[in-house]
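> Below are the sequence and a predicted model; questions follow.
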Amino acid sequence: MAPVWFVVDGGRLAFNTGKNTAKGRALTRDPRVVMCVDDPRPPYSFVQVQGIATIGDDPQEVLDIATRTGGRYMGADRAEEYGRRNGVPGELVVRIKPTKVRKAFNLAEVNAREARSIRPPKPRPSRASSGNTLIVWLRAKSRAATPAAVSTFRRWPAPD
């Protein structure tokens, strides 16, 4: 798991990564990918996108995605600066075609209501997460993706 800056590009999630990084090598071996976009502010929400990645190294595409992600996260006035810094030889463009989208919104409010009405599950050890995160993950796994959820990732999250 590694954080990435991304943009939505033609209905796909797009980001840059280095060709020789662990992420770049892993995606070359196996294009299946899961991306989770979370909102760390209460009441907490997330969108999880599962999909198939395609990889490209065209210099113009690398620069385009690097510039657009720089603009999204650092502001339009710094987009070119980040594009030049990150759109260099050795970088790749990764595009994720979604195959499944899961989402959950207002988790703190939902979990507080449910906690009052049900007994909490017995704690189970998990190397990946704390108990609260594990409960949220199990809840999220039980939700089926809907057509509305598939379009949700196109709007999530809105830049600040």
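That came in fine, so what should we check first?

> isn't A53 right up against L27?
Yes: because the distance of 5.2 Å satisfies CB atoms under 8 Å, A53 is recorded as touching L27. For every residue, glycine as well, the C-beta is placed using N, CA and C.

> Can you name every helix or strand that the host helix or strand of Y73 contacts?
Element membership of Y73 [criterion: DSSP states H and E] is helix 59-74. Counting contacts by 3 or more CB pairs under 8 Å, 6 or more residues apart in numbering; DSSP states H and E, helix 59-74 packs against strand 7-9, strand 12-18, helix 79-86, strand 91-104.

> export those to a markdown table and tack on mean pLDDT, mean neighbour count and distance to R32?
Formatted as a markdown table, those follow (pLDDT from 0 to 100; neighbours: other CB atoms under 10 Å; distance: least, CB to CB, whole Å):
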| stretch | mean pLDDT | mean neighbour count | distance to R32 |
| --- | --- | --- | --- |
| strand 7-9 | 95 | 17 | 19 |
| strand 12-18 | 96 | 21 | 14 |
| helix 79-86 | 96 | 16 | 25 |
| strand 91-104 | 95 | 20 | 9 |
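
> To P31, which of these lies closest?
strand 91-104 (9.1 Å; CB to CB).
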